[in-house]
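Undergrad: 3D model of this:
(3 chains)
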Amino acid sequence: MASDVLYFLGLSMSGLAVGSMYALIALGFVLIFKATKILNFAHGEVIMVAAFICFQLVTVYRVPFWIALPVTLAITGLMGVAAERLVLRPMLGEPIFSVVMVTIGLSIFLRSLAGICFGHDNHVFPSPFPVESASVGGVVLSYAHLWSMAIAVGLMIAFFVFFKFTRLGLAMRGTANDQDTVALMGVNVKRIFALTWGLAFVIAAVAGVFLANVMVLNVGLTYVAIAAFPAVVLGGMESVPGAIIGGLAIGLIENLAGGYLDQIIGGGVKDVTPFVVLFVVLMIRPYGLFGQEEIERV
Amino acid sequence: MKSQKKRVAVWGVAILLGLLVAGWCAADERGVTKDKITLGLVLVKTGPVAALGLPNGQGMVDYMNYLNEKGGINGRKIEVIWEDDQFEAPKSVAAVKKLIHRDNVLTILTTGGTNQTVANLDTINKSKIVNIPNALADEFFKPLQPYIFAMGATYEAQYQCIVDYIAQDMKMKDPRIGVVYAKKEYGKKGLDAIKERAAKYNIPVVAELVLPTGAVDASSQVLALQKENANIVITCDVLPPVITFLKTAQKYDYRPVVFGFNWATDDALVKACGEAAKNYIGVNFVGAWNDETPGIKLCRELAKKNDRQIQLTSLYVNGVGVAWLFGEAMKRAGQNLNPDSLKAAMETLSNYDTGGIFPPVNYSPSSHAPAEMVKFFKADVPNGKLVPITEWRKPK
Amino acid sequence: MAIRSKTFRESYYEDIKLFQTIWIKFWTVVFVIGLVLLPFFGDPYFVYLVNLSCIATVAALGLNILTGFTGQISLGHAAFLAIGAYTAANLVQRLGTPFWVNLPAAGIAAAIAGALVGIPCLRLKGLYLAMATMAFGVLVEYMVITWDGLTGGVRGMSMPAVSIVGYSLDSDEAKYFFLLSVTGLMLAAADNIMRTRIGRAFVAIRDRDVAAEAIGVNLTRYKMLSFAISSFYAGVAGALYAYTLNYIHPEHFTLLLSIQYIAMIIVGGMGSIIGTVFGGVFIVVTPEFIKMFAQALGNVVPAIAGRYDEEWNIAAFGLLIMLFLIFEPGGLYALWNRVKVGFRNWPFTYWG
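TA: Reported below is the predicted structural model:
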């Protein structure tokens, strides 16, 4: 009996740990969607490229991790601004579908560019976190996971404060709401867009570095972003707390399905469960748990 | 006006016929001239699976260049044209057609993985493409496919050997097997082979869990295995998920003996996992990178000379071995080199030694079956490499 | 007679005519003759590429009906191809039915699945619909892998070539004529559907669904119909794929394939039948051209000789999609139209 409880707790904790990764990824999606109504399909590629940049800094140029991390964040932030300027700004006013396709094009481009620059080998990130794990009453968690959970929650609070109390945050919310009005109020919408993209890329980089710490680093890291889609939809595409909670929930559900259903139903139920959840959420509550329901008028 | 039209028509027909005849004539002497042999190769170069294809193909190319430096095959130099199939069947089929009809190659060393080779079967037989597939499915030699020469050990044989080893060599008191597999061909075949073999020895298989290739972590799998008290874990997964599994297991202080098959038995695993690989035992049908056999020594020299930064060394060794067999067969085929003579020469390789790269190779006109032999390797963590712990052995 | 500077339509009949001018008819005939003669000039590799283009065209046509004409984004098109391919393969393997049963059956099976997916997706629009169809694609992929009794699971399924009155179409040329005729049929059908009430209803939904409903278009019915027709095309394409490759495997029908089809209709031209053909051919053939170009460049500039890498090709492909969307959102079809008009009005061309 006690072992059953422990099993459940273990599954839940590790699920939450993985969920915190999903949350970090989902946060990047949500930020861009919130301000620009674009779903950025190149997000996974940014995650992977950022992880590789950090990896190169640490291994090839021998930069200590805690210096390499901010450098990586700065580089990816600039990449985000550049991507907005070069690829997305020309698309202003185009239908959503075309804009989404542009990001798909960007993702293909970035992925093969990464293949050219970084090769296809599997790498193991020289983790700055201790290998041993923290154990609380028999439930085990690695430090990398603890950090990512802490950072996910920290970012959630930071963004909450940012959107609520700063002028820039207010401008971003306004832009998301109505671009024309906000422009009339004197907000530089183009600058807000560029900043949003930069910020989203920085968050992607954070996610990438943490993922590389717990996973094997290779070009395939991009596909994790697809696994985070259900988290985005579950939380609501434009809600920051939604992204975090959606991510944690999906991680939890996935792990519990893996721990209990995989043995009964058999065969990889763990990996489709998030998509079943996604499908069900879309049917019942398309705007997610925390999203805004849109009312359409003609 | 009318005569002009007629003239155009006549010319048109003439050109058409000319092209047809030209195409027909070009078809017969395929890939072999007085001083050159052109060979094709279809292997993945891009995308997530490229880590497997690149070292494999590099091994083949490097060995062929090495033969060229030694004077080529009966005075002919070898050229290898390498096409990328991105591990997709339609692209592999296209690449094979291009190599055969446009580049006019003698044969294609490898036409990609299982999936791609099955899609190409028809062309392989029609165009007489002598090849050694890079995959280990028994439908490639059971029943005999005239132009496919299987090499290595099938997934079934590898896992049978592993269960044999558990039952007979390990002498464990109460073995309980947990299986971690991918929903791929090797995963399913491996799982079935393990279950069947374990039943024979009366060893319980207590858990079957899926671990996909791109898994973020393996904690639910590890926890489930721990709960079932599995003290042996057999993985039917490629390298990255096995690394993820070992690292996750280490995190939970779960230390079973972990087994893996050829796609996960490589020095790279030990280097990546460090301490976590301490209880890892893998099987492979090529020798280890640090063996002192002449074949493996040559592999190391070639890699050094060509400045290859190889991570999956076992695949490079595999590539060199495949090219070695082709080189020998082409030598034996003599001056009159064509797909048929190459096939016949391949079939003369009996008890042929590749200097420790492969177990002895045995082909004959009635059998193109692989040796079905593997060696067991154990991780030597301090030195970051695998060391052999058995000789070549077959399933019992 | 004065010079005709434009085609003027004087009645509704003229507006919906299939061949609007005698020239269109003429060029169509020339084009068809060219196609029929093609295998006598190209080697099997070339013919195979054209075959792949045919299949891509049929599948992309289906997606264009759904996305380009009706405005419903789908990221799960590959799933319907899979349903079609496995239906055909099962019919052949279990019942031994001939191709003229299998092709429509594959289409109908996919269409039923499409209509069923359409029902829950009726409430969804834009990105949410894209997400839902993507999830559907993942679920179908999972089913195909898991349900090995029906699909052969990860071992795949083999498929014999089409046989017509005892003659097996197993060479690339024979397959070419078969694929060409099916593709022609499907194209004609699509063109005709789009000229009728149904097609116009689709376009109305795309342009403004609420307004369309206000003028009497039954949204539920037409959206479902659009899903069904689109999936029918995908199903047929899946069966054609199985017949061409003679082997199907779950890994052939992934999210990446769906994305490829989207790329096709974008590059070709959303909401254009002829554009779909351009797109299908373009996406299949372009990598070849990029490669040829890279190698030719290598001959001129020695510094890059032999440095060609397949990754560059894919990168160029991604770049191409972006460039098209940024500079020519109408796709190849718009480009083609501009060139055509430019020539017709020459020398008074306004290349705006």
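
Undergrad: chain B: helices as residue ranges?
TA: B:2-26, B:50-69, B:89-97, B:114-126, B:155-164, B:185-201, B:219-227, B:239-251, B:267-273, B:294-305, B:313-333, B:339-346 (DSSP state H).

Undergrad: kindly apply the preceding question to the stretch 201-350 of chain C instead.
TA: C:209-214, C:219-245, C:255-268, C:273-300, C:310-327, C:331-344 (DSSP state H, counting those that start in this stretch).

Undergrad: out of these, nearest to chain A?
TA: When the helices of the stretch 201-350 of chain C are compared by C-beta to the nearest C-beta, helix C:310-327 sits nearest chain A, at 3.2 Å. C-betas here are computed from N, CA, C, even on glycine.

Undergrad: now that closest one and helix C:273-300, what's the angle there?
TA: Using axes from the mean of the first three to the mean of the last three C-alpha atoms, to 10 degrees, the direction of helix C:310-327 lies 130 degrees away from that of helix C:273-300.

Undergrad: which residues are contacting helix C:310-327?
TA: Helix C:310-327 has contacts (C-beta atoms under 8 Å, 6 or more residues apart in numbering or on different chains) with A:87, A:90-91, A:94, A:98, A:101-102, A:104-113, A:115-116, B:45-46, B:84, B:86, C:263, C:266-267, C:286-287, C:290-291, C:294, C:331.

Undergrad: and those residues, which of them are buried?
TA: Buried residues within the contacts of helix C:310-327, counting neighbours by 16 or more other C-beta atoms under 10 Å in any protein chain shown: A:87, A:91, A:101-102, A:104-113, A:115, B:45-46, B:84, B:86, C:263, C:266-267, C:287, C:290-291, C:294, C:331.

Undergrad: spell out which parts of the stretch 1-150 of chain A neighbour chain B.
TA: Selection of the stretch 1-150 of chain A residues close to chain B by C-beta under 8 Å from any C-beta of the partner chain yields A:3, A:7, A:10-11, A:14-15, A:17-18, A:21, A:112, A:115, A:119-124, A:131, A:133, A:140, A:142.

Undergrad: now the buried members of those.
TA: By 16+ other C-beta under 10 Å, those give A:7, A:10-11, A:14-15, A:17-18, A:21, A:112, A:115, A:119-124, A:133, A:140, A:142 as buried.

Undergrad: looking at these, which are in helices?
TA: Counted as lying in helices by DSSP H, out of those, are A:7, A:10, A:11, A:14, A:15, A:17, A:18, A:21, A:112, A:115.

Undergrad: would TSV of the residues you listed with pLDDT be doable?
TA: Putting these into TSV (pLDDT from 0 to 100) gives the following:
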residue	pLDDT
A:7	88
A:10	86
A:11	89
A:14	86
A:15	89
A:17	86
A:18	87
A:21	87
A:112	88
A:115	88
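
Undergrad: let me know the angle separating the helix or strand residue A:230 falls within from helix C:255-268.
TA: Element membership for residue A:230, per DSSP states H and E: helix A:223-235. Interaxial angle, helix A:223-235 versus helix C:255-268 (the same axes, to 10 degrees): 80 degrees.

Undergrad: now the following helix or strand past helix A:223-235 and helix A:223-235, what's the angle there?
TA: Later in the chain than helix A:223-235, the nearest helix or strand by DSSP H and E is helix A:240-256. Going by the same axes, to 10 degrees, helix A:240-256 is angled at 120 degrees with respect to helix A:223-235.

Undergrad: report the rounded mean pLDDT for helix A:240-256.
TA: Averaged over helix A:240-256, pLDDT sits at 91.

Undergrad: now check it, is it near chain C?
TA: No: using C-beta under 8 Å from any C-beta, helix A:240-256 stays clear of chain C, with a minimum separation of 12.6 Å.

Undergrad: put the alpha carbons of that helix into PDB.
TA: What follows is helix A:240-256, C-alpha atoms only, in PDB (Å, rounded to 0.1, in the frame of the first residue of the first chain):
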ATOM      1  CA  VAL A 240       0.500  33.100 -19.400                       C
ATOM      2  CA  PRO A 241      -0.700  31.300 -16.200                       C
ATOM      3  CA  GLY A 242      -2.500  29.000 -18.600                       C
ATOM      4  CA  ALA A 243       0.700  28.000 -20.300                       C
ATOM      5  CA  ILE A 244       2.400  27.100 -17.000                       C
ATOM      6  CA  ILE A 245      -0.600  25.200 -15.600                       C
ATOM      7  CA  GLY A 246      -1.300  23.600 -19.000                       C
ATOM      8  CA  GLY A 247       2.300  22.500 -19.200                       C
ATOM      9  CA  LEU A 248       2.400  21.000 -15.700                       C
ATOM     10  CA  ALA A 249      -1.000  19.300 -16.300                       C
ATOM     11  CA  ILE A 250       0.100  17.700 -19.500                       C
ATOM     12  CA  GLY A 251       3.300  16.500 -18.000                       C
ATOM     13  CA  LEU A 252       1.400  15.000 -15.100                       C
ATOM     14  CA  ILE A 253      -1.300  13.400 -17.200                       C
ATOM     15  CA  GLU A 254       1.300  12.000 -19.600                       C
ATOM     16  CA  ASN A 255       3.300  10.400 -16.800                       C
ATOM     17  CA  LEU A 256       0.300   9.000 -15.000                       C
END
